[in-house]
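**Student:** build me a model:
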Amino acid sequence: MSKDIKQLMIQSIAETFKDIKECVVIDISSLDSEETFNFREEMRSASIEIKGVKNSLLRKALEGHALEGVGEVLKGSCTISYGDQDSVTLAKALVKWAKGNEKLQIKGAFSEGSVLDAKGVNSLSKMPSRDELLSMIVGQIMGPASQIASQLTAPASAIAGAVKTVSENNKEESS
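**Tutor:** Okay, here's the model as predicted:
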């Protein structure tokens, strides 16, 4: 391959990964064509992109980029997976698929500025996702607020109940 073609490929790869901050490196070389098709289809439906790139070209394309550290994981046959979602959601989808198919090998990841090995990706997949954390935070905020609201309305409810009882007693006495 000529230097000009390599340079064009490096520029194309750099453009593809310019906005990507997190990725998981996998090896899909052991999957047969049907498994590869099903894997890519399932990942596509989960908004996860799968890109096979020559390791040396990817390393050069990521020089000076946020993902530059992923080069440590690039050994042997590698495929990069990335998406719009956070790294936990990405790791969950890939680990789930890998449990269903032993041929898919997770090599590592780059998340929040850190390089993770396969065990790190597995641990990451067990953490709550960004959406789950946000809903937990909202629940924690709403819990005390609803308790305060019920405490504030309790005296009014008690007074309303007392007034109703007195009015019913007055009706019975006047009858």
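
**Student:** for stretch 18-32, what is the distance to the chain centroid?
**Tutor:** Offset of stretch 18-32 from its chain centre (C-alpha atoms, centre = their mean, to the nearest Å): 15 Å.

**Student:** can you give me the end-to-end span of it?
**Tutor:** Its first and final residues considered, stretch 18-32 spans 31 Å by C-alpha to C-alpha, to the nearest Å.

**Student:** report the mean per-residue pLDDT for that stretch.
**Tutor:** The pLDDT scores in stretch 18-32 average 88.

**Student:** flag every buried residue along that stretch.
**Tutor:** Within stretch 18-32, the residues scored as buried using 16 or more other C-beta atoms under 10 Å are I20, E22, C23, V24, V25, I26, D27, I28, L31. Quick note: C-beta positions are derived from backbone N, CA and C, even for glycine.

**Student:** in terms of contact, does the third one touch T79 like I think?
**Tutor:** No: using C-beta atoms under 8 Å, C23 is not in contact with T79, being 10.2 Å away.

**Student:** which SS class is S77?
**Tutor:** coil (DSSP: H, G, I helix; E, B strand; the rest coil).

**Student:** with adjacent residues omitted, what lies nearest to it?
**Tutor:** Excluding its sequence neighbours, the residue lying closest to S77 (C-beta to C-beta, 6 or more residues apart in numbering) is S29, at 4.1 Å.

**Student:** state the distance from that neighbour to M1.
**Tutor:** As judged by C-beta to C-beta, to the nearest Å, S29 and M1 stand 21 Å apart.

**Student:** can you check N55 too?
**Tutor:** Distance of N55 to M1, given as C-beta to C-beta: 14 Å.

**Student:** with T165 instead?
**Tutor:** T165 is 91 Å from M1, by C-beta to C-beta.

**Student:** can you pull the phi/psi pair for the residue most central in space within the chain?
**Tutor:** Nearest to the mean C-alpha position of the chain, counting by C-alpha atoms, centre = their mean, stands T89 at 2.4 Å. T89 adopts backbone torsions of phi -60, psi -40, taken as degrees, to the nearest 10.

**Student:** OK, contacts around it?
**Tutor:** If a contact means C-beta atoms under 8 Å, 6 or more residues apart in numbering, then T89 has G83, S129, R130, D131 as its contacts.
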